[in-house]
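[1] Sequence first, predicted coordinates after that:
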Amino acid sequence: MNNKTVSSLFVLFAIVSIGMTAAPGAFAEHSMNATVENAMGSSTPGCEPDCFIPATVTIGVGGMVTFANNDSAAHTSTSGTAADGPDGFWDSSLVMMGSAYTTPALEAGEYPYFCMVHPWMTGLVIVEEESHDDHGHDEAKEDHDGHDDHGDMEMEMQTLTAADIAIDIADGAKAGERVSIDVTIGGSHVNYDIVATHGGETILSETNVHSHTGEGNHVTSALAADASDDLPIDVTVTFQGFGMPGEEMTGPVGLTSNAQAVPEFGTIAALILVVAIGSIIAVSAKSRLSFMPKI
């Protein structure tokens, strides 16, 4: 094996190793926002305790929960209990099939909820403080109003490229299953939109997602067919800036990152494969070596 070939293989190995190291290894215990769906057939008793999927979600302070109705009947999401009635934190009114409702930003605490039309449908939203967040919203706002630019400077110093947006999709999903999608964006107090499609149909669409930690988890609606090479799941994340909701955003607003679930390899492996192939082509062109068989 000549020196050029050895060099080419070394470069390829290094790139693949870096890609595997950069893959997200762990996610936060909870996301800033969450999505809950109505279980199919939940308009009749028997779905308990999973009439909402998932019935219990945990989010961060200031986060929101989106209730997506993919059932064949109209439902509500109403904070409170069937025994005591609504408690006033939120009430979606009737959400028709194919529609969704998002709660207001929620403070720390536990929020039981139910469907007013089908009271056997119950769930719980848990809102927790971020354990590593040393400065609360009020303190950050006080610093801003007091012209303490430390927080603003920290926000502005954050930079972002497409390589800093990682999308991890659970591959191999079958018809009728929902797919979990994890998003990790380098930085804190990130805002983004996420859209996922399958077979030309939108199975997930969330806008103005905010995350303290830069990490989020999303769940698609049920797939109409198996995910495959011919019907992959395509995901696009559009960065909307660093900052708190309602304030001026910084960073490369509009930056997008795309991913596709590949059943045979998984998303991360597919991305590494693409990088590796590109590296082989680049090294081959420079060294005038050919990795393609001659016909």
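    Great, that's in hand.

[2] Residue 59 sits in which helix or strand?
    Per DSSP states H and E, residue 59 falls inside strand 56-60.

[3] That strand - what's its average pLDDT?
    The average pLDDT for strand 56-60 rounds to 92.

[4] other SSEs contacting that strand?
    Applying 3 or more Cβ pairs under 8 Å, 6 or more residues apart in numbering; DSSP states H and E, one finds that strand 56-60 contacts strand 34-38, strand 122-128. Heads up, the C-betas are built off the backbone N, CA and C, glycines and all.

[5] Return the most buried member of these.
    Neighbour counts (mean count of other Cβ atoms under 10 Å) averaged over each of those peak at strand 34-38, with a mean of 23.

[6] Can you list the residue ranges for strands in the stretch 1-150 of the chain?
    Remark: strands assigned in the stretch 1-150 of the chain by DSSP state E, counting those that start in this stretch are 34-38, 52-53, 56-60, 65-68, 78-81, 85-91, 100-102, 109-114, 122-128.

[7] So which of those is nearest residue 204?
    Each of those has some distance to residue 204 by Cβ to Cβ; the shortest is strand 34-38, at 7.8 Å.

[8] what does stretch 109-121 contact?
    Contact partners of stretch 109-121, identified using Cβ atoms under 8 Å, 6 or more residues apart in numbering, comprise 38, 42-43, 45, 47-48, 51-52, 73-82, 86, 89-91, 94, 122-127.

[9] Where does pLDDT dip in the stretch 101-250 of the chain?
    Within the stretch 101-250 of the chain, the set of residues satisfying pLDDT under 70 comprises 130-158.

[10] Now, of the contacts of stretch 109-121, which are buried?
    For these, a neighbour count by 16 or more other Cβ atoms under 10 Å gives the buried set as 38, 42-43, 47, 51-52, 73-80, 82, 86, 89-91, 122-123, 125, 127.

[11] Run through the helices of the stretch 51-200 of the chain in chain order.
    Using DSSP state H, counting those that start in this stretch, the helices found in the stretch 51-200 of the chain span residues 137-145, 150-157.

[12] just to revisit the earlier point, what angle separates the strand holding residue 59 from strand 109-114?
    Computed by axes from the mean of the first three to the mean of the last three Cα atoms, to 10 degrees, the angle separating strand 56-60 from strand 109-114 equals 140 degrees.

[13] Show me the contact partners of strand 56-60.
    Residues outside strand 56-60 that contact it (Cβ under 8 Å, 6+ apart) are 29-34, 36, 65, 106, 123-130, 211-213.

[14] one more time with 7 Å, if that's ok
    Here strand 56-60 makes contact (Cβ atoms under 7 Å, 6 or more residues apart in numbering) with 30-34, 36, 65, 123-128, 130, 212.

[15] Just give me the closest of the residues you listed to residue 195.
    For those, the nearest to residue 195 is residue 33 (15.0 Å; Cβ to Cβ).

[16] Please tell me how far that closest one sits from residue 67.
    As defined by Cβ to Cβ, to the nearest Å, residue 33 lies at a distance of 12 Å from residue 67.

[17] can you tell which of the helices and strands packed on strand 56-60 is closest to residue 228?
    So among these, strand 34-38 is nearest, using Cβ to Cβ, at 23.1 Å.

[18] Tabulate the CA atom coordinates of that closest one in CSV.
    Below are the C-alpha coordinates for strand 34-38, written out as CSV (Å, rounded to 0.1, in the frame of the first residue of the first chain):
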residue,chain,number,x,y,z
ALA,A,34,-43.6,19.0,24.9
THR,A,35,-46.2,17.5,22.6
VAL,A,36,-49.1,15.4,23.8
GLU,A,37,-51.5,13.5,21.5
ASN,A,38,-55.0,12.1,22.0
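
[19] name the helices or strands packed onto it?
    Where contact means 3 or more Cβ pairs under 7 Å, 6 or more residues apart in numbering; DSSP states H and E, strand 34-38 is packed against strand 52-53, strand 56-60, strand 65-68.

[20] Now with 8 Å, please.
    Applying 3+ Cβ pairs under 8 Å, 6+ apart, one finds that strand 34-38 contacts strand 52-53, strand 56-60, strand 65-68, strand 215-219.

[21] possible to save those as JSON lines with distance to residue 191?
    Shown next, in JSON lines, are the helices and strands packed on strand 34-38 (distance: least, Cβ to Cβ, whole Å):
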{"stretch": "strand 52-53", "distance to residue 191": "26"}
{"stretch": "strand 56-60", "distance to residue 191": "14"}
{"stretch": "strand 65-68", "distance to residue 191": "15"}
{"stretch": "strand 215-219", "distance to residue 191": "10"}
